[in-house]
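> Sequence and predicted structure below; questions after.
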Amino acid sequence: MNVAVVGGGIFGQVIAWRLALRGHRVALIEPTGPGNAGSGSGDRSRIVRALYDDRGFAAAGHLGLALWRAWSEALGARLVEPTGVVYFDRRGDDAAATGFRSWLDRGVANVREVGGVAEEIAPDEAARRWPGVATSDLARVILEPGGGFGRPALACKAIARASLATGLVEPIAATAERVALRGARAAGLLARNPDGSLRAIEADAVVVAAGFAGVALVSEIAGDLGIRRLPHWTSYWDVPYPEGAMLGIDRLPVWADLGAAMYGFPDDGESGFKVAWHEPRGGGDEVAADGAPSPAQVEALRRAAMTRFPGLGAATYRGHYACAYDATPDEVFQIGPVPGVEGLYFVGGMSGHGFKHAPSLGESVAQLVVGEAPALDLAPYRLRT
Ligand SMILES: Cc1cc2nc3c(=O)[nH]c(=O)nc-3n(C[C@H](O)[C@H](O)[C@H](O)COP(=O)(O)OP(=O)(O)OC[C@H]3O[C@@H](n4cnc5c(N)ncnc54)[C@H](O)[C@@H]3O)c2cc1C
């Protein structure tokens with residue numbers, strides 16, 4: 001089979017590689033390169049975990065963790081660092097704290113049900129294990145030891161190299177402009193070369209996995225998918241030692257403090273300590289279109305994060321990484337056949353939590369395209385117009 005895959009982010013890379021390993025030829029259309037800075041998969045870190053209040057996401061995350069480990073071994077690259085993930089459950093009965101507490105309770109049950117581990121740790125024990133963390137306002141800490149620190153840009157590039165080595169994936173540095181149809185079947189793509197000329201790419205099936213940009217390619221056919229682009233940013237900090245040493249990857253897991261709507265990553269030794277808001281803040285009029293935060297926004301985030309990591313009080317801002325969520329109203333992905341067109345598939349609406357699921361759901365998409373039974377049921381993610 002000849003398959004055209006649009007987009008060389010983590011989903012396009014996984015799908016192309018897994019198709020090639022099944023013996024299929026793939027044209028991978030990506031103008032900028034794997035894990036590029038303008039894509040959702042270009043940052044240096046992403047949380048990988050199975051702890052979700054939704055059973056389907058927990059199952060996809062759990063299988064994802066196993067595949068990230070196996071693929072790291074197979075490709076000889078640390079696509080995921082096995083730091084574990086800690087979830088800080090704040091004391092208090094305000095809506096944010098209680099909402100996160102019940103989310104955690106459901107998440108812990110789901111992790112255990114899918115075969116993972118979630119440990120409950122008392123605040124004083126947490127303070128001993130992770131001395132860079134202020135724990136006096138916590139009710140408990142949940143540790144998911146199987147979760148970790150995903151490396152999205154590195155994973156895209158490592159998988160792209162593995163694809164090249166199969167001899168079956170042809171990377172094409174062009175921009176897909178239109179899906180070509182033959183009657184009610186996808187027949188390939190029309191793409192724009194960097195010199196402005198047009199190029200026709202023939203294929204038996206087309207997978208559009210181009211982040212938010214992919215929405216326009218299929219909405220002409222499928223109608224409005226209801227996916228919005230939400231500009232967002234993450235921040236990186238240099239923390240002076242000795243406090244900074246307690247925030248290093250050898251001392252601190254990836255963390256989520258969603259009662260305060262924050263999450264972040266230990267310093268991997270190259271990037272600095274990372275903090276982000278869980279949700280894009282401020283809406284379109286406060287966050288610049290390119291996602292760059294104002295100095296006041298950066299300082300507000302630091303002040304909030306200092307309550308959990310006092311070492312940040314002396315930190316110096318290193319910079320931000322701007323990217324965007326391709327967000328659905330319910331944060332449920334849209335993955336599957338495009339209704340009305342045979343051989344056309346869409347992968348999008350990742351809503352800020354797609355990276356961890358790219359192995360399990362990407363493999364499932366490859367299976368669907370070639371007529372195998374998908375490892376995961378994709379029905380909950382069908383396209384919704
Ligand atoms: C700030 C932020 C934090 C996040 N945190 C997490 C997290 O902690 N854990 C987690 O699991 N997920 C997280 N996510 C989500 C995750 O990063 C994304 O879901 C995932 O990286 C999306 O991958 P993708 O392949 O769908 O899209 P992308 O990585 O955006 O790739 C799309 C690719 O398509 C290419 N393209 C665009 N238009 C065209 C065209 N017309 N023709 C050809 N190619 C085209 C682009 O160049 C790009 O390379 C976060 C996202 C953001 C923005």
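Ah, there it is.
> Show the pLDDT at the closest residue to the ligand within the chain.
The nearest approach of the chain to the ligand comes at G9, 2.1 Å away (C-beta to the nearest ligand atom). Yep, even glycine has a C-beta here, placed from its N, CA and C like the rest. We have a pLDDT of 98 for G9.
> thought it was touching A37?
No: G9 is beyond contact range of A37, at 11.7 Å (criterion: C-beta atoms under 8 Å).
> So for the two, which residue has more residues nearby?
Of the pair G9 and A37, G9 is the one with more neighbours under other C-beta atoms under 10 Å, namely 29 against 12.
> If you drop the residues flanking it in sequence, what lies closest to the residue of the chain closest to the ligand?
S41 (4.0 Å; C-beta to C-beta, 6 or more residues apart in numbering).
> and stretch 161-180 with the ligand, contact?
Yes: judged by C-beta under 6 Å from any ligand atom, stretch 161-180 comes into contact with the ligand at 175-176.
> What's the first helix or strand after the lowest-mean-pLDDT helix or strand in the chain?
Ranked by mean pLDDT, DSSP states H and E, the weakest helix or strand in the chain is helix 283-286, scoring a mean of 50. Note on helix 283-286: by DSSP states H and E, the next helix or strand toward the C-terminus is helix 295-306.
> Would you indicate which residues of that following helix are buried?
297-298, 301-302, 304-306 (16 or more other C-beta atoms under 10 Å).
> Any chance of CSV for those, columns pLDDT?
What follows is the buried residues of helix 295-306, written out as CSV (pLDDT from 0 to 100):
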residue, pLDDT
Q297, 93
V298, 95
L301, 96
R302, 96
A304, 96
A305, 97
M306, 97
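> closest to W237 among these?
Closest to W237 out of the buried residues of helix 295-306 is R302 (7.3 Å), distances taken as C-beta to C-beta.
> and the gap between that closest one and D195?
To D195, R302 is 45 Å away according to C-beta to C-beta, to the nearest Å.
> Over to S163?
Applying C-beta to C-beta to S163 and D195 gives a distance of 25 Å.
> now do A304
Counting by C-beta to C-beta - A304 and D195 are separated by 48 Å.
> With A59 instead?
From A59 to D195 the distance is 46 Å (C-beta to C-beta).
> Counting neighbours, go ahead and name the busier of these two.
A count of neighbours by other C-beta under 10 Å puts A59 above the other of A59 and D195, at 21 against 6.
> So that one is in contact with S364, correct?
No: checked against C-beta under 8 Å, the pair A59 and S364 is beyond contact range at 11.2 Å.
> Now do the shared contacts for the two.
Common contacts of A59 and S364, defined by C-beta atoms under 8 Å, 6 or more residues apart in numbering, comprise L376.
> a strand runs through G35, doesn't it?
No: secondary structure of G35 (DSSP: H, G, I helix; E, B strand; the rest coil): coil, not part of a strand.
> Confirm for me that it is in contact with R44.
No: between G35 and R44 there is no contact under C-beta under 8 Å: 9.8 Å.
> So for those two, which residue has more residues nearby?
Each of G35 and R44 has its neighbours counted (other C-beta under 10 Å); G35 has more, 26 against 20.
> Give me the below-cutoff pLDDT ranges for this structure.
281-289 (pLDDT under 70).
> one more time with 80, if that's ok
Applying pLDDT under 80 to the chain flags residues 280-291.
> How much space separates the residue lying farthest from the centre of it from V341?
Within the chain, G183 marks the point farthest from the mean C-alpha position, 35.1 Å out by C-alpha atoms, centre = their mean. As for G183, its distance to V341 is 9 Å (criterion: C-beta to C-beta).
> related to what we said a few turns ago, could you report the distance from the residue of the chain closest to the ligand to E30?
From G9 across to E30, the span is 8 Å (C-beta to C-beta).
> Kindly report the same for G84.
For G84 relative to E30 (C-beta to C-beta), the value is 33 Å.
> So for the two, which residue has more residues nearby?
More crowded of G84 and E30, by other C-beta under 10 Å: E30, with 27 against 19.
> Could you give the backbone dihedrals for the more buried one?
phi -150, psi 110 (degrees, to the nearest 10).
> What residues does the residue nearest to it when sequence neighbours are not counted make contact with?
Spatial nearest neighbour of E30, excluding adjacent residues (C-beta to C-beta, 6+ apart): G8 at 2.9 Å. Applying C-beta under 8 Å, 6+ apart, we find G8 in contact with 28-30, 32-36, 39, 156, 160, 171.
> Out of those, which end up buried?
28-30, 33-36, 39, 156, 160, 171.
> so can I have CSV of the residues you listed showing distance to R251?
Output for the buried ones among the contacts of G8, formatted as CSV (distance: C-beta to C-beta, whole Å):
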residue, distance to R251
L28, 39
I29, 42
E30, 37
G33, 34
P34, 31
G35, 27
N36, 31
S39, 30
C156, 28
A160, 32
P171, 39
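> Just the strands from the stretch 251-385 of the chain, written as ranges.
With strands called from DSSP state E, counting those that start in this stretch, the stretch 251-385 of the chain shows them at 254-257, 262-265, 273-277, 316-327, 334-337, 344-348.
> quick check: longest helix of this structure.
In terms of residue count, the longest helix belonging to the chain (DSSP state H) is helix 55-75.
> For it, output the C-alpha coordinates as CSV.
What follows is helix 55-75 as a C-alpha-only set of coordinates in CSV (Å, rounded to 0.1, in the frame of the first residue of the first chain):
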residue,chain,number,x,y,z
ARG,A,55,-10.5,5.0,31.7
GLY,A,56,-9.8,5.2,28.0
PHE,A,57,-7.1,7.7,28.4
ALA,A,58,-5.6,5.7,31.3
ALA,A,59,-5.5,2.6,29.0
ALA,A,60,-3.9,4.6,26.2
GLY,A,61,-1.4,6.2,28.5
HIS,A,62,-0.5,2.8,30.1
LEU,A,63,0.1,1.2,26.8
GLY,A,64,2.0,4.3,25.7
LEU,A,65,4.4,4.1,28.7
ALA,A,66,5.2,0.4,27.8
LEU,A,67,5.8,1.4,24.1
TRP,A,68,7.9,4.4,25.0
ARG,A,69,10.1,2.1,27.1
ALA,A,70,10.4,-0.5,24.4
TRP,A,71,11.0,2.0,21.6
SER,A,72,13.7,3.8,23.7
GLU,A,73,15.5,0.5,24.0
ALA,A,74,14.9,-0.4,20.3
LEU,A,75,16.1,3.0,19.0
